[in-house]
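Asks: Sequence first, then the predicted structure, then my questions.
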Amino acid sequence: MDSAQFNNQILTLSDKLFRFGKSILRNENDALDALQDLNLKLWEKRQYLDEVENVPAFIMRAMRNLCLDMLRKNHGDEELKADLEYVELNPHQQTEQKDTVSRIKMLIDGLPEMQRSIIRMRDVEGMELSEIAYILSLTENAVCVNLSRARQKIREKILNEHKRVEETVWIR
Amino acid sequence: MDKMNELIEKYFRAETSLSEENELKHYFLAGKVLPEHEPYRAIFEAFDEELHETVESSSKKKIQFQHYTKRFWIQTISISGIAATLLLAFWFMWSQQNNDFAIMRGKRINNAEYAQQYARAKFEKVNEALAKSIEPMESIKKVREGIKPVQKINETRELMKEIKNKLQY
């Protein structure tokens, strides 16, 4: 793969990879660092990329592995347990997240890593289930189950908060 | 409306296709949403907002933040430097002012000329006192000079003894 092909095929994925990295790491600066690392590694091994069948999916998978390594380095395995939910928002964060859109983003960030990666790959990037399954090394059925759980959790929290707001208005 | 309700339910069960999900996105982002669907609108708005996050925008934010922190430190250092210089200048002036005074009979005198005259008068008095105390010493000198011939008596006596002895032989 020459530099022109590299620019066309890999650097055009930068935004998608950045969003994916940010979703896993929950930090913009770390995601930018991860993206830079990934680009460097891919450039060094660019001659092998010609042999890869689905380059974008392969790169997304590489980005995920890189981000998970970064998480392991910083937090150990605690962050990566499948059933682990991210800590609830503290009151300070809740007051900061006044608008609902930001609140939704926070709720997604509160999901376990697998679920937040799946929901973002599907709902933000519009990726096929088969592609997501390949990136995460899961079956399509497992992706579906995780996607459903993630969406249900967001729905539940949103409806609860909506109900709470309406009750507060009625009490006043 | 029933179709939309059904689609929403399918969406949350993760049974929708990509085209059905696009239909939902268009519905929620168009703005005309039924009141019962209103709580879900923010979900699709959040997804749409996230889709517009790019490396460029994030890098700009990072650079802006770095500029801000850099500016903050430059400002802090400059202000601290100015404050330190002013403090030093005030301290120097204060210490200079403090050096130009004398204590006379328990009172602080800032007038340098007056202090000098006062000191000169005091020195003159000390000089006089010293001169007076040296006066008796001068008379002692005179006495000592007067006694000098008496000190030679012993020598004369010794000489006479020698002469006497020689004469006896």
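Replies: Sure thing, it's come through.

Asks: can we go C-alpha only for contacts and neighbour counts from here?
Replies: Fine.

Asks: distance between stretch B:9-19 and the chain's centre?
Replies: Averaging C-alpha positions (Cα atoms, centre = their mean, to the nearest Å) puts stretch B:9-19 68 Å from its chain's average.

Asks: buried residues in that stretch?
Replies: B:Lys10, B:Tyr11, B:Phe12, B:Arg13, B:Ala14, B:Glu15, B:Thr16 (16 or more other Cα atoms under 10 Å in any protein chain shown).

Asks: mind showing which ranges of the chain have poor pLDDT?
Replies: Let's take chain A. Scanning chain A for pLDDT under 70 picks out A:76-98, A:168-172.

Asks: Oops, wrong one, chain B.
Replies: Ranges of chain B meeting pLDDT under 70: B:1, B:62, B:65, B:97-100.

Asks: Work out the gap between the longest helix along chain A and the centre of the chain.
Replies: If you go by DSSP state H, chain A has its longest helix at helix A:140-171. Helix A:140-171 has its C-alpha centroid displaced from the chain centroid by 19 Å (Cα atoms, centre = their mean).

Asks: ok so, going back, may I see the buried residues of stretch B:9-19 arranged in CSV, with distance to chain A and secondary structure as well?
Replies: CSV is the format used below for these (distance: Cα to the nearest Cα, whole Å; DSSP: H, G, I helix; E, B strand; the rest coil):
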residue, distance to chain A, secondary structure
B:Lys10, 10, helix
B:Tyr11, 8, helix
B:Phe12, 5, helix
B:Arg13, 5, coil
B:Ala14, 5, coil
B:Glu15, 8, coil
B:Thr16, 10, coil
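
Asks: can you list the domain ranges for chain A.
Replies: A:1-79, A:92-172 (automatic domain parsing).

Asks: How about chain B?
Replies: According to automatic domain parsing, the ranges for chain B are B:2-52, B:55-99, B:113-169.

Asks: Give me whichever of these is most buried.
Replies: Mean neighbour count (mean count of other Cα atoms under 10 Å in any protein chain shown) peaks for domain B:2-52 among the domains of chain B, with a mean of 15.

Asks: now that domain, how far from the chain's geometric center?
Replies: 63 Å.

Asks: how far away is B:Leu159 from B:Ile147?
Replies: 20 Å (Cα to Cα, to the nearest Å).

Asks: dump the residue contacts of A:Ser23.
Replies: By Cα atoms under 8 Å, 6 or more residues apart in numbering or on different chains, the contact list for A:Ser23 reads A:Asp109, A:Arg116, A:Ser117, A:Arg120.
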